[in-house]
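Novice: Model the following, please.
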Amino acid sequence: MNKYLCILAALFSVSVSDLQAATTSTSCSSTAPSGYVMTKIQERSTSCSGGNLYTYTRLAGETVLDTCIRTTPTGWVNTKERSYTGSGICGSSSGTPRLIWQITNSYGQTKLNSCLRTLPTGWVITRQTSYSGSGDCGTASGSKRTKYEAQSTAGQSQMSVCNASTLPSGWEVGATSSSSNCGTGSGNLWKILNTKPLTKVALHHYIGKTGDNMYVTKRDDAAMALYKYSYNAIAAQVPSSAAFGTTVLHRYYNSSIANSLYTIGRDDAYYSKVGYVYVGAAANVFTAKVPNATALHRYWNPTTKHHLYSVVYSSTGINGFKYEKAEGYVYKP
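Specialist: Have a look, this model is predicted:
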């Protein structure tokens with residue numbers, strides 16, 4: 001049994017994404033499967049009767065990818081562009097250079113550079129720069145190239161953005177002015193206001209008789225006492241409902257060691273292999289560090305076999321709990 005628990009502890013020190021390599025598939029078709037993007041072209045392939053063999057990489061779980069197609073998947077940003085002559089991952093160039101586009105997943109990000117004006121929903125342009133010659137967004141031949149600095153509206157109440165931005169639902173222009181940061185023209189800078197400001201609720205911490213740490217957004221000491229849990233304190237403040245830039249903090253429970261595990265990465269099949277059963281959604285948390293937010297840190301006690309969550313960071317651990325990782329972002333109590 002002790003050997004099993006040691007293995008269990010080791011497993012939880014590694015995230016699910018760390019355990020999985022990129023998922024790829026190959027096809028003779030130039031149409032990407034749903035949820036995949038083209039990342040390689042092998043010309044004159046015998047597998048495709050002398051035609052092209054395409055490699056596609058699954059987007060889920062990836063952060064940055066090089067792609068052979070300019071079209072940017074939903075939720076991703078075209079952050080760089082480069083070209084080559086001769087042979088490369090996107091085939092051979094004959095005269096006209098071949099292009100490779102670097103795309104970045106906007107999930108868990110607050111700021112990114114973009115080579116395209118079109119951004120994922122909830123993102124706005126805060127600066128745009130035009131250049132001649134070579135740059136992050138390729139080489140300008142004749143007309144100048146433009147690079148955009150983009151920012152997420154998650155957790156924001158007001159922002160100054162360029163009028164090239166597409167405003168997300170719930171935002172409106174409060175005032176206009178002019179700025180060289182947004183190119184030329186009068187009124188090119190907008191001050192935008194969030195008409196649906198974020199509301200917060202407390203994330204309450206209860207401690208069970210077994211030492212299990214439970215976190216809920218609805219305080220009910222009497223009901224929790226029936227299950228041998230006593231109130232400890234407010235662990236954090238969290239968004240009261242789902243909003244742009246938030247995700248669910250899921251709760252799993254392992255009855256054999258009486259331990260609650262909270263994670264933003266739901267994977268019932270994975271956690272069931274190590275004895276955890278899905279309980280439900282515990283709270284909403286941000287996927288990135290928005291203004292005034294802080295990380296919700298996860299700790300593991302190898303002796304008691306319990307997890308602890310706190311806005312307090314300690315690389316050396318807390319009272320026997322060893323630091324594991326950040327599990328989303330919240331506000332301090």
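Novice: going forward, measure contacts between C-alpha atoms and count neighbours the same way
Specialist: Fine.
Novice: What about Gly208, how many residues nearby?
Specialist: Using other C-alpha atoms under 10 Å, Gly208 is surrounded by 17 other residues.
Novice: from what I can see it touches Asn232, true?
Specialist: No - if you go by C-alpha atoms under 8 Å, Gly208 and Asn232 don't touch, sitting 10.0 Å apart.
Novice: Next, show the common contact partners of the two.
Specialist: With contacts defined as C-alpha atoms under 8 Å, 6 or more residues apart in numbering, no residue is shared by Gly208 and Asn232.
Novice: the longest strand in this structure is where?
Specialist: strand 138-152 (DSSP state E).
Novice: any idea of the mean pLDDT for it?
Specialist: Average pLDDT, strand 138-152: 93.
Novice: From one end of stretch 93-109 to the other, what's the distance?
Specialist: 34 Å (C-alpha to C-alpha, to the nearest Å).
Novice: Residues contacting it, please?
Specialist: Counting by C-alpha under 8 Å, 6+ apart, 62-70, 72, 75-87, 90-92, 112, 120, 152, 245, 287-288 sit against stretch 93-109.
Novice: check which helix or strand covers His205.
Specialist: Using DSSP states H and E, His205 falls within strand 200-208.
Novice: Would you mind measuring from Ile89 to Cys48?
Specialist: Noted for Ile89: a distance of 17 Å to Cys48, by C-alpha to C-alpha.
Novice: picking up where we left off before, what's the following helix or strand after the strand holding His205?
Specialist: That would be, after strand 200-208 and using DSSP H and E, strand 213-216.
Novice: avg pLDDT for that following strand?
Specialist: Rounded mean pLDDT across strand 213-216 is 99.
Novice: quick one, helices of the stretch 201-333 of the chain?
Specialist: Secondary structure of the stretch 201-333 of the chain (DSSP state H, counting those that start in this stretch): helices at 221-226, 268-272.
Novice: same for the first one, what does it pack against?
Specialist: Read it as helix 221-226. With contacts taken as 3 or more C-alpha pairs under 8 Å, 6 or more residues apart in numbering; DSSP states H and E, helix 221-226 sits against strand 229-239.
Novice: Assumed Ser30 was part of a helix.
Specialist: No - going by DSSP: H, G, I helix; E, B strand; the rest coil, the assignment for Ser30 is coil, not a helix.
Novice: show me the contacts for it.
Specialist: Contacts here follow C-alpha under 8 Å, 6+ apart; on that basis Ser30 touches Tyr54.
Novice: at 10 Å instead, please
Specialist: Met38, Ile41, Asn52, Leu53, Tyr54, Thr55, Tyr56 (C-alpha atoms under 10 Å, 6 or more residues apart in numbering).
Novice: which of those residues count as buried?
Specialist: Buried by 16 or more other C-alpha atoms under 10 Å: Met38, Ile41, Asn52, Leu53, Tyr54, Thr55, Tyr56, out of the contacts of Ser30.
Novice: Inside strands: which ones of the residues you listed?
Specialist: Per DSSP E, those map to strands at Met38, Ile41, Leu53, Tyr54, Thr55, Tyr56.
Novice: Okay, and the beta partners of the fifth one?
Specialist: Note on Thr55: beta-bridge partners by DSSP bridges are Thr26, Lys40.
Novice: What is the end-to-end distance of stretch 109-117?
Specialist: Taking C-alpha to C-alpha, stretch 109-117 runs 18 Å from one end to the other.
Novice: And stretch 243-262, by the same measure?
Specialist: Termini of stretch 243-262 sit 19 Å apart (C-alpha to C-alpha).
Novice: Distance from the chain centre to that stretch, please.
Specialist: From the chain centre to the centre of stretch 243-262 is a distance of 17 Å (C-alpha atoms, centre = their mean, to the nearest Å).
Novice: One more: stretch 207-214?
Specialist: Here stretch 207-214 is found 30 Å from its chain centre; the criterion is C-alpha atoms, centre = their mean.
Novice: about what we covered before: in its sheet, what does the longest strand of the chain sit against?
Specialist: Strand 138-152 is paired, per DSSP bridges, with strand 111-114 (antiparallel), strand 123-135 (antiparallel).
Novice: what's the most buried one of the ones you listed?
Specialist: Ranked by mean neighbour count, those are led by strand 111-114 with a mean of 20 (mean count of other C-alpha atoms under 10 Å).
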